[in-house]
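**Q** Following is a predicted model, sequence given first.
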2 protein chains.
Amino acid sequence: MAAPPTPDPTLLAGGPAGPRALRPLVETVLAALADGAAARCGPLPRGGPDAVTRRLLTRYGAALPAQGTGAHDALHSLVTALAEGAADPADPHCAAHLHAPPLAVAAAADLAAAALNPSMDSWDQAPAASVLERHLTGALAALVHPAGPAPDALVTTGGTEANLLGALLARERLGPRLTLVCGANAHHSVRRAAWLLGLPAPLVLPTPTGALDPGAVAAALDRLDAAGAARALVVATAGTTDAGLIDPLPGLADALAAHRARGAAALHVDAAYGGPLLLSDAHRAKVAGLDRADSVTLDLHKLGWQPVAAGLLTVPDTAWLAALTQRADYLNAEDDTEAGLPDLLGRSLRTTRRPDILKIAVTIRALGTTGLAALVDSVCDAARALAALVAAEPRLTLWARPTISTVLFRPAGAADEQVAAIRRRLLAEGRAVLGRACALDAAGRPALWLKATLLNPQAQHSDLAALIKLVLDQADHTTEPEHPEHESPAKDGSR
Amino acid sequence: MAAPPTPDPTLLAGGPAGPRALRPLVETVLAALADGAAARCGPLPRGGPDAVTRRLLTRYGAALPAQGTGAHDALHSLVTALAEGAADPADPHCAAHLHAPPLAVAAAADLAAAALNPSMDSWDQAPAASVLERHLTGALAALVHPAGPAPDALVTTGGTEANLLGALLARERLGPRLTLVCGANAHHSVRRAAWLLGLPAPLVLPTPTGALDPGAVAAALDRLDAAGAARALVVATAGTTDAGLIDPLPGLADALAAHRARGAAALHVDAAYGGPLLLSDAHRAKVAGLDRADSVTLDLHKLGWQPVAAGLLTVPDTAWLAALTQRADYLNAEDDTEAGLPDLLGRSLRTTRRPDILKIAVTIRALGTTGLAALVDSVCDAARALAALVAAEPRLTLWARPTISTVLFRPAGAADEQVAAIRRRLLAEGRAVLGRACALDAAGRPALWLKATLLNPQAQHSDLAALIKLVLDQADHTTEPEHPEHESPAKDGSR
């Protein structure tokens, strides 16, 4: 590629001249993304961690050079290196985690957020962006809590911050003698939130089936009562990380109804994964009961195809957010608020924050809720198709029919060490990114499973069939010693 | 503008086809940014909050339409609306806050982060990005802590999260009976961190001069000792929000040396604003003593010209981050870690997070540390020039010579209400975004000041002179009643 003329690297992204400054630089980024993807040629780089580190540092050189190399060189070299060394969720064989391939329309919108750089902590840093956020968060919250008196939502960095916020709001409403009650299937951020907030360790209930049992929750609340522990926040999950299961939300809401009625308990639902099923006529019933929660975590960088970050915490009543109110004279002085300047500071645990709402708003406007629902349906369909392929293959064992878009499976009769080794070899050879999960097998014994989390709406049936073949081929080699550092001498480009 | 052919709005940003999908959408974004800036024609929209809300909602319509309007319409309409309604820090008269105009090269790099969407919580979601982060954070930490045994840094969403992390690490090292000791000049996030972490309210020492007095800190530590409070984290500030002052770091480090030697105290420095003075030969001496801190907050979306977010917490010894270690089998199973897969989960309070390090790395490579230092110097020079203009103008009072790039001033003899009204009118008329700060006047009386935080390296002397004139003109009208909602019938485009 002939290098474009080198612009002044100190040009700004904003202002009337910003678009002119950005255009050639963005073109360099797009070229570098294409070059990097071509060099990688697959879902992730070959050779495992040591090879990736070597290649990146060779390209990168000194971290803090005194003299710069200019905008085009910096963009082309580093973006190419990052793309070549990426695990790209846009590849159908990159399917380990709740790591969605972002839509181009959302990534393009995010460029505008970066260029304008509104900061959502005061009106005079984000006049229009703050209006957009209030408008759309209110509408999204009303989708989750249609009967709520004043549904509202805060934008977060993801499910982890939203779960923290849910626990914090409960601490402030129910008091500091709060115990979080969750299943063993809950996300690790629930435990972490308790630690961060100075609360006792959560009461973690076993979930042998993968989902939380309302009877076990009711018994736990009674035990806490008997032990004199005053207050509890029950944390349920709509879309577990391991298996994509949905806790029985109506039953759980019933189980704590009496405690909640006397202000002794509240219900938070971590719907980071499952929340967008609400949009789908085919899948909405699976998250029935979500509207009975006191707070709900959503993550539109999962089943919403946004670039990270796009988290939300929704509540049925904006009054419940009052605990976050704070005053900082430089941002929301009382006389400014009285004179009509909106006070935004209480809408986040962060101060400065970018307008992540923009990409969400653009995506919803571009696709409509029916367009987004079609994407949700397509990945759920893909998971059913993959499960059917597994079920039809005698050399593989399917854990269960998928609830959302996660499929657990393993080579029939394999030891756990073999399952883990298959995953690591596929990673090291750059062939596939599969996840892992512990779950009981049909005989009730704990076992390690391969996990495919299907979030790519462009995945074809042939991609799924090829993924099965990769696993079977790799399983045939599990008696050989593991060479995670081994890099094949020739790249054949096949997956 | 003739609309380009409408692409499928479900195209992905990643993979080999991603750049082709992004190119026309990015072009639409750049056109919309230009259209919005032209429509705004100034540092912020005219008419105040109600007018901005009306215009945005008129353009926006239904928040959750069932049918989409396609990628180009969604991008063009919403990005234009956002740009038209932005307070754009690239305009030299947008100078209220530590709200930097991002460099085009950094915003362009951030597009690659959005398109590739690496998630920094596990190696198999961010192979190369995680290497880049380790490499550059180590180098940046070594700049702050050159004598540290193993300097390291974590990437955060900004100063607020970095201050929270600093307090959390202190709580884990010094124990839960921890009191934060800070000045009244400290950022509000220090108080918030104590609240979040379940610590007692901070001990806030008066700072009548605007900076923390080491003698007052020594006395406070002795009082805490006498009261049996076991442990203290002293939080100093290098670049206060109100006046850009730097606490006397060497004196503060001396004041707590004895307590620190017996493990009873630690020093955190919030250098969100002042940290990058380290890069400048002209200004480095002002932050001498930063290397004596146990943890330091940096924010490269301030004096680093990054799009939000670009925060860091640096520590002299990576071992001090051990409290953040956590295990989640799906992300860092023990056998995977033993087999050589890097464990990234303990490097943040977040789980999923975008690679904010990419734009920082690209910027440093493009400009070099000398290029960044030149930008630091230029905004410090601009502040001195503005202060000189104020000092030469008998109708204005200068608070003090600027330390970094913040200038406090007020119309001579004005009442506080007039000062606040001038700021709000400039906002409502779309002419200037100035901040406000309380500080003692020359007679030792508390007063409200206008605050200009100069972060725009492209600002010219004529821009500064015009800003002074705007304030003087507005001051001449302060006897008239305030009409924050008033929108002038004709736009004259002047500032």
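**A** Structure's in. What do you need? Predicted model, so just to flag it, every value in this text is computed and none were measured.

**Q** for chain B, what are the nearby residues on the stretch 351-495 of chain A?
**A** Residues of the stretch 351-495 of chain A found near chain B (Cβ under 8 Å from any Cβ of the partner chain) are A:351-355, A:358, A:361-371, A:375, A:417, A:420, A:424, A:427, A:433, A:435-438, A:451, A:456-458, A:482, A:484-485. Where C-beta positions appear, they are placed from N, C-alpha and C, glycine not excepted.

**Q** Checking the residue lying closest to residue A:198 once chain neighbours are set aside next. Helix, strand or coil?
**A** Nearest non-adjacent residue to residue A:198, counting by Cβ to Cβ, 6 or more residues apart in numbering or on different chains: residue B:198, 2.3 Å away. Secondary structure state of residue B:198, per DSSP: H, G, I helix; E, B strand; the rest coil, is coil.

**Q** ok, the nearest residue to residue A:337 once chain neighbours are set aside to chain B distance?
**A** Using Cβ to Cβ, 6+ apart and skipping residues adjacent in sequence, the residue nearest residue A:337 is residue A:343, 4.9 Å away. Using Cβ to the nearest Cβ, to the nearest Å, residue A:343 is found at 11 Å from chain B.

**Q** Pretty sure residue A:343 sits in a helix.
**A** No - checked against three-state DSSP, residue A:343 lies outside a helix; its state is coil.

**Q** Am I right that it is in contact with residue A:333?
**A** No - with contact defined as Cβ atoms under 8 Å, residue A:343 does not reach residue A:333; the gap is 9.6 Å.

**Q** Among the two, which residue is more densely surrounded?
**A** Using other Cβ atoms under 10 Å in any protein chain shown as the criterion, residue A:343 and residue A:333 rank with residue A:333 on top: 20 against 17.

**Q** count of residues packed around whichever residue of the stretch 151-300 of chain A sits closest to chain B?
**A** Among the residues of the stretch 151-300 of chain A, residue A:198 lies closest to chain B, at 2.3 Å counting by Cβ to the nearest Cβ. For residue A:198, the neighbour count with other Cβ under 10 Å is 14.

**Q** all strands of the stretch 101-250 of chain A, in order?
**A** Assigned by DSSP state E, counting those that start in this stretch, the stretch 101-250 of chain A shows strands spanning A:152-156, A:178-183, A:203-205, A:231-237.

**Q** just the ones you listed: most buried one?
**A** Of all these, strand A:231-237 has the most neighbours on average by mean count of other Cβ atoms under 10 Å in any protein chain shown, namely a mean of 28.

**Q** Tell me if it is near chain B.
**A** No - with Cβ under 8 Å from any Cβ as the criterion, chain B is not reached by strand A:231-237; the gap is at least 13.4 Å.

**Q** now swap in stretch A:107-125 and tell me
**A** Yes - interface with chain B: stretch A:107-125 contributes A:107-119, A:122-125 (Cβ under 8 Å from any Cβ).

**Q** Mean confidence (pLDDT) on that stretch, please.
**A** Mean per-residue pLDDT for stretch A:107-125: 97.

**Q** How far off centre is it?
**A** 21 Å (Cα atoms, centre = their mean, to the nearest Å).

**Q** next one: stretch A:423-432
**A** Counting by Cα atoms, centre = their mean, stretch A:423-432 comes out at 22 Å from the chain centroid.

**Q** Just the CA trace of it, in PDB.
**A** What follows is stretch A:423-432, C-alpha atoms only, in PDB (Å, rounded to 0.1, in the frame of the first residue of the first chain):
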ATOM      1  CA  ARG A 423      -9.600 -26.800  23.800                       C
ATOM      2  CA  ARG A 424      -6.000 -25.700  24.400                       C
ATOM      3  CA  ARG A 425      -4.700 -27.400  21.200                       C
ATOM      4  CA  LEU A 426      -7.400 -25.800  19.100                       C
ATOM      5  CA  LEU A 427      -6.300 -22.400  20.600                       C
ATOM      6  CA  ALA A 428      -2.600 -23.100  20.100                       C
ATOM      7  CA  GLU A 429      -3.100 -24.100  16.500                       C
ATOM      8  CA  GLY A 430      -5.300 -21.100  15.800                       C
ATOM      9  CA  ARG A 431      -8.200 -23.300  14.600                       C
ATOM     10  CA  ALA A 432     -11.000 -22.600  17.000                       C
END
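
**Q** wait, what's in contact with the nearest residue to residue A:353 once chain neighbours are set aside?
**A** Residue nearest to residue A:353 in three dimensions, not counting chain neighbours: residue A:120, with 4.8 Å by Cβ to Cβ, 6+ apart. Applying Cβ atoms under 8 Å, 6 or more residues apart in numbering or on different chains to residue A:120 gives the contacts A:126, A:129-130, A:133, A:155, A:344, A:347-348, A:352-355.

**Q** Show me the residue sitting in the middle of chain A in space.
**A** For chain A, residue A:302 is the residue whose C-alpha lies nearest the centre (Cα atoms, centre = their mean; 4.5 Å).

**Q** from memory it sits against residue A:270, does it?
**A** No - checked against Cβ under 8 Å, the pair residue A:302 and residue A:270 is beyond contact range at 11.4 Å.

**Q** what's the domain layout of chain A?
**A** Per the record, chain A has its domains at A:18-86, A:118-355, A:368-475, by automatic domain parsing.

**Q** mind putting these in JSON lines, distance to residue B:321 included?
**A** Below are those laid out as JSON lines (distance: least, Cβ to Cβ, whole Å):
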{"stretch": "domain A:18-86", "distance to residue B:321": "19"}
{"stretch": "domain A:118-355", "distance to residue B:321": "15"}
{"stretch": "domain A:368-475", "distance to residue B:321": "26"}
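
**Q** quick one: residue A:232 from residue A:182, how far?
**A** From residue A:232 across to residue A:182, the span is 10 Å (Cβ to Cβ, to the nearest Å).

**Q** So for the two, which residues contact both of them?
**A** With contacts taken as Cβ under 8 Å, 6+ apart, the residues that reach both residue A:232 and residue A:182 are residue A:203.

**Q** what's the helix or strand for the nearest residue to residue A:69 once chain neighbours are set aside?
**A** Nearest residue to residue A:69 in three dimensions, chain neighbours excluded: residue B:365, at 5.9 Å (Cβ to Cβ, 6+ apart). Take DSSP states H and E as the rule and residue B:365 turns out to sit in helix B:357-391.

**Q** got the angle for that helix vs strand B:152-156?
**A** Per axes from the mean of the first three to the mean of the last three Cα atoms, to 10 degrees, the angle that helix B:357-391 makes with strand B:152-156 is 80 degrees.
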